[in-house]
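Novice: Return atomic coordinates for the entry below.
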Amino acid sequence: MQFLCIIFILLSAIYTIEARSRPAVDICNRQPTINGLCVTTTLGIYYDAETQRCKYMGCSSSKKLFASLEDCEKICNSKRHTRRRAQISKT
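Specialist: Below is the predicted model:
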C-alpha cells in the first residue's frame, strides 16, 4: 500500500511539473486575435514563430498574449534577443 501511495505522489508531481511548463510553449505558438475596431492605445505583444521575434500589434487583442516585450523575449527566445541587443549596442 505504501508503494502505491509513493507511486501516486511521484506521478502527481511529474504531471504538475509538466503541466506548468506547457503554457510557455503554447503561448509562443498562438497567433493573436483582434475582434472589432481598434479603439484603444494599448499595444498587444505576441511572438511570431515564423520570424522568431516578439512583435507589437497595432492594438491590444482580445487575449493579450504578453504584458511586455521583455516577457515575450524571456519566455519565447531570450538567448536570441540577448545576442541581438549586444550587437545593436556595439553599432
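Novice: what's across from Phe66 in the sheet?
Specialist: Partner residues in beta bridges with Phe66, using DSSP bridges, are Ile45.
Novice: Would you map the strands across the chain?
Specialist: Along the chain, counting by DSSP state E, strands occupy 45-48, 53-56.
Novice: Single out the most deeply packed of those strands.
Specialist: Using mean count of other CB atoms under 10 Å, the stretch among the strands of the chain with the greatest mean number of neighbours is strand 45-48 (a mean of 20). All C-beta atoms are positioned from the backbone trio N, CA, C, and that covers glycine.
Novice: what helices or strands is that one leaning on?
Specialist: Based on contacts counted as 3 or more CB pairs under 8 Å, 6 or more residues apart in numbering; DSSP states H and E, the elements that strand 45-48 packs against are helix 2-29, strand 53-56, helix 69-90.
Novice: Can you tell me which of these has the worst average pLDDT?
Specialist: Among these, helix 69-90 carries the lowest mean pLDDT, at a mean of 62.
Novice: re earlier: quick one: which of the strands of the chain is nearest Cys76?
Specialist: When those are compared by CB to CB, strand 45-48 sits nearest Cys76, at 4.3 Å.
Novice: hang on, the earlier thing: can I get the strands of the chain in CSV including distance to Ala67?
Specialist: What follows is these, written out as CSV (distance: least, CB to CB, whole Å):
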stretch, distance to Ala67
strand 45-48, 8
strand 53-56, 12
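Novice: Let me know which of those is the nearest to Phe66.
Specialist: Nearest to Phe66 among the strands of the chain is strand 45-48; the distance by CB to CB comes to 4.3 Å.
Novice: how close does the nearest residue to Asn29 once chain neighbours are set aside get to Asn77?
Specialist: Of all residues not flanking Asn29 in the chain, Ala49 sits nearest, at 5.8 Å (CB to CB, 6 or more residues apart in numbering). Taking CB to CB, to the nearest Å as the criterion, Ala49 is separated from Asn77 by 10 Å.
Novice: got any residues that touch both of the two?
Specialist: Between them, Ala49 and Asn77 have Cys28 as joint contacts when contacts are counted by CB atoms under 8 Å, 6 or more residues apart in numbering.
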